[in-house]
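Enquirer: Below: sequence and its predicted model.
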Amino acid sequence: MEHDCPRASKMWEYINKTHLSREKLQGIENFKSSSVNYKLSIWNPEVNGIRFLKVLIFYICSTLLPKQWEKLVRIQNREVGNPLSIKYNKEVVCLDYLQAVLEIDFMENYFDFQNSKIIEIGAGYGRTCHAILSNYDISNFCIIDLINSLELSKRYLKIVLDETQYNKITFIDIDSFEKVRNQHYDLCINIDSFAEMEENIVRFYFRFIDRQSKYFYVKNPVGKYYDKSLDSHSEGKEVVNMAMETGILKKLINIHDNEEIKEQSLEFVKAYCPSNEWECVGNECAKPWGFYWQAIYKRR
């Protein structure tokens, strides 16, 4: 049926009665961060986290260089564990392995992986180990971790790697640290865990790295933040306070200010240098996170 004038769809009739009701349009002080603007311009971030995550993954995929795509494709069985993913260039891609590819691509600029002996302190479920063993012929990869995380990485890596690759891994729980205390490594890796340890434990690892490794790669936040709008402090004030007390960089910063992050990154580079016997040979923002930094150090 033709109409003499335009009219709202049933969906917008509903929106005008709810999110854009006359009552909600009375003030404009905060309308851009309310349901008014969430229906006009952007999706509500409080209920669209997964949508925004997949948009982020899509965007990062669009920025990858050919050599980075090659690294990603070499990592088989990335879909194990049912990650939140998208499909790009016929590849199923999740954020974890995009980060792993960007990390090893950065390290590759300064470190020769071939035939190297590597130790990772705090490996999570093992994505970095998986990425490295899939792209380089190394001699050994040692993971030292808390026992629960270690059990997860053992099970996961057993599934995603072939037998030859898996047999290159040594798993050490922290109570068995004596087994690695006097071992020498070409590269030590720490990604997103030194910032969650007590400071004296981080210093303990620095002394170990200083004695037993030739290179050290680190990726962690440049400081602390207290932005309740990000997660509503959903795990409670006590957990937030615990997080504020860990690590070696405890300065409270605005993680949404690039100039403040850049300034604090200078402290990051100083703080994560194992000793005066080391020099930072490369550092930059650890994308996609604006407030994360990565650096690689070499013994002088």
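Expert: Cool, got the structure. Numbering: from 1, shown residues only.

Enquirer: Now do the helices in the stretch 51-200 of the chain.
Expert: Along the stretch 51-200 of the chain, the segments classed as helices by DSSP state H, counting those that start in this stretch run 66-74, 95-108, 127-135, 147-160, 163-166, 199-212.

Enquirer: quick one: low-confidence parts of this protein?
Expert: 1-3 (pLDDT under 70).

Enquirer: Can you show me the strands along it?
Expert: Counting by DSSP state E, the segments of the chain that form strands are 85-88, 91-94, 117-121, 140-145, 169-173, 185-191, 213-221, 278-285, 292-299.

Enquirer: In a markdown table: the ones you listed, plus mean neighbour count and distance to residue 74.
Expert: (Glycine included, C-beta is placed from N, CA and C.) Below are the strands of the chain laid out as a markdown table (neighbours: other C-beta atoms under 10 Å; distance: least, C-beta to C-beta, whole Å):
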| stretch | mean neighbour count | distance to residue 74 |
| --- | --- | --- |
| strand 85-88 | 16 | 16 |
| strand 91-94 | 18 | 11 |
| strand 117-121 | 24 | 17 |
| strand 140-145 | 22 | 16 |
| strand 169-173 | 18 | 17 |
| strand 185-191 | 23 | 19 |
| strand 213-221 | 24 | 20 |
| strand 278-285 | 15 | 23 |
| strand 292-299 | 21 | 21 |
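
Enquirer: Save the ones you listed as TSV, and put in distance to residue 133 too.
Expert: Listed next are the strands of the chain as TSV, based on distance: least, C-beta to C-beta, whole Å:
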stretch	distance to residue 133
strand 85-88	21
strand 91-94	18
strand 117-121	10
strand 140-145	6
strand 169-173	8
strand 185-191	13
strand 213-221	16
strand 278-285	23
strand 292-299	19
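
Enquirer: Spatially nearest residue to residue 71 (excluding sequence neighbours)?
Expert: residue 101 (4.8 Å; C-beta to C-beta, 6 or more residues apart in numbering).

Enquirer: Confirm for me that that neighbour is in contact with residue 74.
Expert: No - look at residue 101 against residue 74 with C-beta atoms under 8 Å: they stay out of range, at 9.5 Å.

Enquirer: Show the contacting residues for residue 104.
Expert: 71, 113, 128, 131, 132, 135 (C-beta atoms under 8 Å, 6 or more residues apart in numbering).

Enquirer: tally of neighbours for the third one?
Expert: Translated: residue 128. Residue 128 has 25 neighbouring residues, counting by other C-beta atoms under 10 Å.

Enquirer: Repeat that for the fourth one.
Expert: A count of neighbours around residue 131, defined by other C-beta under 10 Å, yields 23.

Enquirer: And the contacts of residue 104, which is closest to residue 82?
Expert: residue 131 (18.7 Å; C-beta to C-beta).

Enquirer: pretty sure that closest one is touching residue 97, no?
Expert: Yes - here residue 131 lies in contact with residue 97, judged by C-beta under 8 Å, at a distance of 6.7 Å.

Enquirer: neighbours around the closest residue to residue 251 other than its chain neighbours, how many?
Expert: Spatial nearest neighbour of residue 251, excluding adjacent residues (C-beta to C-beta, 6+ apart): residue 223 at 4.6 Å. Residues near residue 223, counting by other C-beta under 10 Å, number 22.

Enquirer: How about the contacts made by residue 223?
Expert: With the criterion set at C-beta under 8 Å, 6+ apart, residue 223 makes contact with 249, 250, 251, 252, 253, 255, 264, 267, 291.

Enquirer: Tell me the backbone dihedrals of the fifth one, please.
Expert: Okay, so that is residue 253. phi -130, psi 170 (degrees, to the nearest 10).

Enquirer: Neighbour count: residue 101 and residue 74, which is higher?
Expert: Legend: neighbour count by other C-beta under 10 Å for residue 101 and residue 74, higher for residue 101 (26 against 13).

Enquirer: The more buried one: what's it in contact with?
Expert: 64, 68, 71, 72, 75, 131.

Enquirer: what residues are up against the fourth one?
Expert: For residue 72, the residues meeting the contact criterion (C-beta under 8 Å, 6+ apart) are 64, 91, 93, 97, 98, 101.

Enquirer: Ignoring the adjacent residues along the chain, who's closest to the fifth one?
Expert: Spatially, and ignoring its direct neighbours in sequence, residue 98 is nearest to residue 60 (5.1 Å; C-beta to C-beta, 6+ apart).

Enquirer: Many thanks, I have nothing further to ask.
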